[in-house]
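Q: I'll drop the sequence and a predicted model, then ask my questions.
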Amino acid sequence: MASIVPKLESLAVSAANQLSPGEEPSRAGAVTPGIKRLSRPLGAIDIPHITIKSICCIGAGYVGGPTCAVIAHKNPHIKVTIVDLNAARIAAWNSDELPIYEPGLDEVVKSTRGKNLFFSTDVDAGILEADLIFVSVNTPTKIKGIGAGFAADLGYVESATRKIAEVAKSDKIVVEKSTVPCRTAQSMRYILEANAKPDIHFDILSNPEFLAEGTAISDLFYPDRVLIGSLDTERGRSAAASLADVYAGWVARDQIITMNLWSSELSKLAANALLAQRISSINALSAICEATGADIDEVSYACGLDTRIGPKFLKASVGFGGSCFQKDILNLVYLSESLHLPEVAAYWKQVVEMNEYQKRRFTNRVISCLFNTLTGKKIAVFGFAFKKDTGDTRESPAITLVNYFREEKAYISIYDPKVEESQVWMDLTEPGVVDETEAIKKQVSIAANPYEAAAGADAIVICTEWNDFRETVLDYERIYASMKKPAFIFDGRLILDAKKVTQIGFKVETIGRPRTTFVQSKDFE
Ligand SMILES: NC(=O)C1=CN([C@@H]2O[C@H](COP(=O)(O)OP(=O)(O)OC[C@H]3O[C@@H](n4cnc5c(N)ncnc54)[C@H](O)[C@@H]3O)[C@@H](O)[C@H]2O)C=CC1
Ligand SMILES: O=C(O)[C@H]1O[C@H](OP(=O)(O)OP(=O)(O)OC[C@H]2O[C@@H](n3ccc(=O)[nH]c3=O)[C@H](O)[C@@H]2O)[C@H](O)[C@@H](O)[C@@H]1O
């Protein structure tokens with residue numbers, strides 16, 4: 001991981017934004033040349049704008065923490081304060097054990113913290129001091145009321161916005177970093193203007209974040225693009241130019257694109273929807289592969305070589321997880337329905353439904369291969385995070401699978417290299433059900449390593465694609481020796497060399513490849 005930071009430092013940094021030692025950043029009069037503004041004349045935002053000296057980020061989560069740590073790291077002349085109401089989270093950001101696991105994050109935070117990067121629970125002080133405020137709070141799916149199950153709960157965005165209006169004593173640029181429905185910036189503007197002190201002006205920008213967990217630091221260091229949406233007014237363009245300068249501390253100017261606010265907001269939902277749609281498409285094809293004898297990895301490879309399709313995001317899996325894909329698509333579904341576009345809503349909804357189907361389908365394959373019953377059997381679940389290189393479990397397919405296995409009365413032993421034990425219990429407990437953990441513990445245990453998880457098990461189910469689970473890393477002969485026979489492996493992530501583990505003696509069932517073992521209906525024909 002240490003290699004990321006020096007690599008980053010070697011990037012060419014825009015000379016226009018580099019201050020000489022001792023030089024004070026000016027607050028006015030800077031001009032940003034050559035920012036690409038789609039649907040506007042290119043030179044349109046080469047206008048006077050303030051230079052940002054102090055940034056506050058509201059929300060010290062998976063986005064606010066890494067993003068603003070990188071901004072501070074790249075802009076030593078800007079003071080960056082990340083604030084959060086969650087005192088435990090802030091304490092962790094100020095400790096040696098950061099609250100989130102992300103390769104390369106430790107180095108970035110430790111090189112900057114206490115210099116120009118600060119973590120605090122003092123939201124008011126952060127707002128007061130800042131020229132520019134990122135709103136990077138959570139926007140979960142609503143669980144109650146109108147739009148429940150689909151619409152985004154904008155309560156956290158609204159309360160952060162109201163706080164800014166209440167506290168600010170000078171003009172602020174307020175930046176939507178959270179993923180929000182189209183036209184949220186308008187609501188934020190109403191709230192700010194209705195509550196602002198006299199002569200205080202707020203400019204609202206949309207600056208969605210495209211980082212993926214597990215690769216957040218390299219995504220932030222080398223983004224495909226930085227997107228800034230603003231009103232097409234002189235003030236709006238000026239605010240966009242100020243934020244563009246912050247990113248130009250390390251991102252090439254031609255990768256910083258500006259556009260209107262609503263396009264920017266919608267682009268974020270659209271990007272996530274398109275990415276998730278690719279996974280559901282390949283997963284739908286994986287079902288056809290299993291039924292026909294085709295191999296999904298070969299099909300992905302063949303399709304991905306077409307430059308119009310490209311090879312990324314075509315890896316079949318037990319289903320996509322993570323806090324955003326499902327939430328953002330459901331948000332798009334709700335938006336489409338609100339706009340009286342039921343066919344559009346149904347189209348995107350199918351991406352989520354296919355994902356649910358994939359998890360059920362994989363579970364059915366496990367049950368069917370294990371002679372149609374899991375009762376009393378031990379299943380070792382390898383991986384609980386929603387993807388490798390993160391400890392995040394939000395919407396992890398492993399949660400759904402473990403719950404299905406529990407319903408089938410299996411005993412489950414879970415191993416994940418980064419997920420905290422307390423998180424597993426939280427994820428398996430129904431919200432609002434008191435003391436359920438003790439009952440769950442009768443059926444589910446957490447193992448200290450994969451060998452312990454697999455000992456005495458009937459089957460291993462690979463839910464997360466951690467490199468640690470590859471046959472080149474784990475001693476599968478040792479694992480095989482410790483398991484009940486026949487010993488099954490269900491590879492939900494296509495990470496194993498099936499031939500090699502089959503040679504050890506395992507019965508290997510891989511997503512997107514035809515079934516290899518005991519097909520009851522055929523055998524009894
Ligand atoms: N997790 C990810 O990889 C990505 C997330 N996003 C979007 O970024 C936003 C944030 O996501 P995460 O960082 O994952 O969420 P998170 O849940 O990890 O962090 C949000 C933080 O905001 C804090 N917060 C909420 N209301 C607050 C308030 N009024 N004042 C101060 N702090 C407050 C919470 O305590 C929490 O620590 C969401 O809209 C998400 O869709 C966008 C790109 C990637
Ligand atoms: O808005 C967000 O929150 C972020 O959502 C995703 O990032 P993330 O969810 O962190 O991780 P991804 O790498 O996209 O993986 C999402 C899920 O899809 C699965 N996946 C991914 C790729 C693939 O080919 N197949 C597949 O099953 C992963 O295992 C994981 O469960 C997007 O990739 C980011 O650009 C976006 O900023």
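A: Done, it's in. Numbers count the residues shown, from 1 in each chain. Ligands and ions are numbered 1, 2, ... in the order given.
Q: any idea how far the residue in the stretch 351-500 of the chain that ligand 1 sits nearest to is from residue 154?
A: Residue nearest to ligand 1 within the stretch 351-500 of the chain: residue 392 (7.3 Å; CB to the nearest ligand atom). Every C-beta, even on glycine, is put in place using the N, C-alpha and C of the backbone. Going from residue 392 to residue 154 by CB to CB, to the nearest Å gives 22 Å.
Q: who's more crowded, those two?
A: Taking neighbours as other CB atoms under 10 Å, residue 392 and residue 154 compare with residue 392 leading, 22 against 19.
Q: what pLDDT does that one get?
A: At residue 392, the model reports a pLDDT of 96.
Q: same question, residue 5
A: For residue 5, pLDDT reads 36.
Q: give me the beta-bridge partners of residue 411?
A: Legend: beta-bridge partners of residue 411 under DSSP bridges are residue 378.
Q: what's the average pLDDT for stretch 403-411?
A: Stretch 403-411 carries an average pLDDT of 97.
Q: ignore what I typed, I meant stretch 357-375.
A: 97.
Q: how about the residues of the chain near ligand 2?
A: Contact residues, the chain versus ligand 2 (CB under 6 Å from any ligand atom): 179, 209-213, 272, 275, 279, 313-315, 317, 320-325, 386-387.
Q: those residues: which ones sit near ligand 1?
A: Restricting those to contacts with ligand 1 (CB under 6 Å from any ligand atom) yields 179, 209, 211, 213, 323, 324.
Q: now the third one. Nearest residue, chain neighbours left out?
A: This means residue 211. Nearest residue to residue 211 in three dimensions, chain neighbours excluded: residue 219, at 4.1 Å (CB to CB, 6 or more residues apart in numbering).
Q: please report how far the one you found lies from residue 106.
A: The value you get for residue 219 to residue 106, if CB to CB is used, is 16 Å.
Q: now residue 263
A: Distance, residue 263 to residue 106, using CB to CB: 36 Å.
Q: thought residue 210 was touching the residue nearest to residue 211, still the case?
A: Yes. Contact status for residue 219 versus residue 210: in contact at 6.9 Å, counting by CB atoms under 8 Å.
Q: the stretch 351-500 of the chain: strands as residue ranges?
A: Counting by DSSP state E, counting those that start in this stretch, the stretch 351-500 of the chain has strands at residues 378-382, 411-415, 444-446, 459-462, 488-491.
Q: for the ones you listed, give me TSV that also has distance to residue 173 and mean neighbour count.
A: As requested, the strands of the stretch 351-500 of the chain are exported to TSV (distance: least, CB to CB, whole Å; neighbours: other CB atoms under 10 Å):
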stretch	distance to residue 173	mean neighbour count
strand 378-382	46	26
strand 411-415	45	23
strand 444-446	45	20
strand 459-462	46	26
strand 488-491	49	25
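Q: for residue 445, name its beta-bridge partners.
A: Beta-bridge partners, per DSSP bridges, of residue 445: residue 413.
Q: that one and residue 413 touch, don't they?
A: Yes. When contacts are counted by CB under 8 Å, residue 445 is listed as touching residue 413 (5.0 Å).
Q: and the longest helix along the chain, what does it pack against?
A: As assigned by DSSP state H, the longest helix anywhere in the chain is helix 261-292. Using 3 or more CB pairs under 8 Å, 6 or more residues apart in numbering; DSSP states H and E as the contact test, the elements touching helix 261-292 are helix 184-195, strand 202-206, strand 226-230, helix 296-304, helix 325-338, helix 342-369.
Q: so after the second one, what's the next helix or strand?
A: Moving toward the C-terminus from strand 202-206, the first helix or strand encountered (DSSP states H and E) is helix 216-221.
Q: for that next one, packing partners?
A: helix 4-9, helix 64-74, helix 105-112.
Q: in a markdown table: the ones you listed, plus mean neighbour count.
A: Conversion of the helices and strands packed on helix 216-221 to a markdown table gives the following (neighbours: other CB atoms under 10 Å):
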| stretch | mean neighbour count |
| --- | --- |
| helix 4-9 | 15 |
| helix 64-74 | 26 |
| helix 105-112 | 19 |
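Q: now do the strands in the stretch 1-150 of the chain.
A: Going by DSSP E, counting those that start in this stretch, the stretch 1-150 of the chain shows strands at 30-31, 36-37, 48-49, 54-58, 79-83, 117-120, 132-135.
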